[in-house]
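> Build the 3D model from these lines:
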Amino acid sequence: MAGSLTPLPWTADLGDGTYRNPVLNADWSDPDAIRVGRDYYLTASSFHRVPGLPVLHSRDLVNWTIIGHALPEPEPAEAYAAPRWGCGVWAPALRHHAGRFWIFYPDPDHGIHVVTADDPAGPWTRPRLLKPGRGLIDPCPLWDEDGSAYLVHAWAKSRAGFNNRLTLHRMSPDATRLLDDGTVVVDGDAIPGCRTLEGPKLYRHGGHYWIFAPAGGVATGRQYAFRAPGVFGPYEHRVVLEQGDSDVNGPHQGAWVDAPGGGHWFLHFQDRGAYGRVVHLQPMRWREEDGWPVLGAHGTPVARHRKPVTGEPPSAPASSDDFTGGRFGPQWTWQGVPDPAWTGRATGGGLRLACVRHADADDLRRLPNVLGQRLPAETFTATTDLTLTGGEPGARAGLAVLGDAYAWIGLERTATGVDLVYRVAHPDGAEKDAAARRPLPDPGRSVRLAVHVGAGAECRFTADASGEPGGRGGSSPRENRAGPRRFGDPFTATGARWVGATLGLFAAAPPGAGPAAGHADFGGFHVDGEEHP
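Model (predicted):
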């Protein structure tokens with residue numbers, strides 16, 4: 001089974017009973033989380049990525065691992081054959097009810113869906129469309145003490161023509177249908193300074209109904225709490241988390257959870273541009289004098305705090321992968337619905353990617369067959385070995401950092417052999433060579449590729465073509481190499497629509513006759529927390 005091979009590039013656990021923020025230092029956007037017994041589970045927006053709805057597990061809210069995905073392919077699948085940036089799965093809600101796990105998620109172009117499972121690691125049911133329509137986003141259910149059920153959701157102005165309001169429905173307890181047309185329970189336009197109210201999470205606590213919801217936009221917003229004596233209101237409000245004198249911009253949108261010992265905590269995101277929306281953990285308490293929640297340090301994010309639960313070993317979502325048997329770990333996703341023919345077992349045991357023919361083979365933003373993962377830390381180095389086999393002129397494969405702009409280093413077949421290339425595309429621009437091409441003396445030789453990511457998402461690409469022929473990707477990144485060579489100028493990574501940059505592998509070829517266009521073999525993918533020179 002694929003797994004981590006090198007030290008993790010980021011761990012939040014400081015090993016002394018405290019943690020540092022962010023607890024998830026990668027693009028786990030719009031997190032929602034629950035506790036079931038001693039276990040915590042978290043899901044997040046996945047947008048156009050396939051599979052979607054990642055599911056993470058923790059015992060202490062600090063150390064997390066990926067245990068699977070609740071959405072093997074989007075619904076409807078045919079709508080996501082090609083990358084659809086900014087579409088797909090927006091902010092979901094995760095709940096445990098009647099012995100089952102439930103995720104309610106929105107597709108802003110199709111409606112609100114529900115999936116369920118007995119085990120959060122899966123399998124999950126196929127999505128059921130609960131409420132069709134455009135612009136329906138950020139749903140969250142509540143099963144009340146008397147057996148009744150409700151669903152709250154927000155609106156996307158890009159599809160519905162309006163936003164800044166929260167709508168509440170009565171729902172059948174089995175979540176198969178909504179029982180009314182919905183009531184606006186919070187109108188953000190009536191609250192001075194409130195804009196883009198969204199991401200509601202519905203709870204009951206202390207004799208009140210609560211809606212936790214962010215407003216103000218992803219990079220500059222804040223967190224509101226709304227409370228009412230009845231589920232349909234009227235709701236009063238307070239701002240309970242904002243940047244203040246911290247360096248955490250726009251702290252909002254997340255989940256209230258409790259610890260087995262009685263403590264309370266709030267998980268939320270911070271937008272960090274090319275790094276995506278990273279996840280912070282704030283202490284939380286309910287004020288005795290008025291019953292309102294207090295998040296962080298009197299409403300401001302904390303940088304470091306004691307852990308909710310002690311004794312768990314440090315961990316973080318995997319980034320390295322050994323590609324054992326041609327398989328890849330759950331940290332990887334595609335840009336569109338995959339074809340099983342895209343992958344296989346490489347000679348020697350790594351991952352084989354077919355050079356898939358595509359009309360836009362020279363634009364990675366349009367390729368569904370880019371296998372990618374989130375940038376795992378602010379600074380890190382990612383290394384892999386690549387061999388390009390067979391094919392025809394134009395077949396290419398490599399290691400990329402991909403957003404609205406992108407850069408990649410890798411191999412491209414020519415009429416006379418194979419070139420080592422470094423190519424860059426700026427936003428809305430065509431891909432171009434960004435360094436002189438270097439023909440390989442032996443076209444069958446394995447090349448070691450690396451990207452070194454530094455502060456500010458500055459990326460430097462290197463390659464070492466002095467390895468053994470045949471792509472012995474299982475060797476250590478430091479063995480049997482004369483040394484890497486830097487290619488081109490540094491590239492500053494960018495995010496894309498609602499997501500951070502992607503660290504990706506790909507193989508592609510221009511259109512042509514017949515299915516055979518060659519393949520690329522990738523050795524183990526190694527990520528460590530050092531930005532090597």
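
> the helices in this protein, which residues?
In chain order, the chain shows helices spanning 157-160, with DSSP state H as the criterion.

> what stretches of it score poorly on pLDDT?
Low-confidence segments of the chain, defined by pLDDT under 70, are located at 1-7, 467-482, 514-516, 530-533.

> who's in contact with the spatially most distant residue from the centre of it?
Centroid-distance maximum for the chain: Thr416 at 40.3 Å, with Cα atoms, centre = their mean. Remark: with contacts taken as Cβ atoms under 8 Å, 6 or more residues apart in numbering, Thr416 is in contact with Pro439. Every residue, glycine included, has its C-beta placed from N, CA and C.

> now swap in Tyr105 and tell me
Tyr105 makes contact with 53, 71, 89-93, 112-115, 127, 139, according to Cβ under 8 Å, 6+ apart.

> What of Arg20?
Contacts of Arg20 were listed using Cβ under 8 Å, 6+ apart, and they are Ala12, Leu14, Ala303, Arg304.

> which of the residues you listed has the most neighbours?
When neighbours are taken as other Cβ atoms under 10 Å, the top entry among these is Ala12 (25 neighbours).

> just the strands in the stretch 351-500 of the chain please.
Read by DSSP state E, counting those that start in this stretch, the stretch 351-500 of the chain holds these strands, from start to end of the chain: 351-354, 356-357, 370-374, 380-389, 396-402, 406-413, 418-425, 432-433, 438-439, 447-454, 458-464, 485-492.

> Work out the gap between the longest one and the centre of the chain.
Centre-to-centre, strand 380-389 and its host chain are 22 Å apart (Cα atoms, centre = their mean, to the nearest Å).

> likewise the first one?
The chain centroid and the centroid of strand 351-354 are separated by 23 Å, computed with Cα atoms, centre = their mean.

> Against which helices or strands is it packed?
With contacts taken as 3 or more Cβ pairs under 8 Å, 6 or more residues apart in numbering; DSSP states H and E, strand 351-354 sits against strand 343-345, strand 502-509, strand 519-522.

> Would you tell me which of the ones you listed gets closest to Phe101?
strand 502-509 (27.7 Å; Cβ to Cβ).

> closest one to Arg345 among the strands of the stretch 351-500 of the chain?
Proximity to Arg345 (Cβ to Cβ) singles out strand 351-354 among the strands of the stretch 351-500 of the chain, at 6.1 Å.

> The closest one pairs with which strands, parallel or anti?
Each strand that pairs with strand 351-354, with its direction, by DSSP bridges: strand 343-345 (antiparallel), strand 519-522 (antiparallel).

> and among the ones you listed, the most buried is which?
Per-residue neighbour counts averaged over each of those give the maximum for strand 519-522, namely a mean of 27 (mean count of other Cβ atoms under 10 Å).

> From the rest of the structure, what touches it?
Applying Cβ under 8 Å, 6+ apart, the external contacts of strand 519-522 come out as 323, 344, 346-348, 350-355, 384-391, 397, 411, 471, 473, 505, 507.

> how close does Gly263 sit to Leu94?
Here the criterion is Cβ to Cβ, to the nearest Å. By it, Gly263 lies 20 Å from Leu94.

> cool, and Asp339?
As judged by Cβ to Cβ, Asp339 and Leu94 stand 30 Å apart.

> ok, these two, which is more surrounded?
Here Asp339 and Leu94 are set side by side on neighbour count (other Cβ under 10 Å), and the busier one is Leu94, at 23 against 13.

> okay, now the closest residue to Pro368 other than its chain neighbours: neighbour count?
Once its chain neighbours are removed from consideration, Pro368 has its nearest residue in Gly336; the separation is 2.6 Å (Cβ to Cβ, 6 or more residues apart in numbering). Here the count is done by other Cβ under 10 Å, and Gly336 has 21 residues near it.
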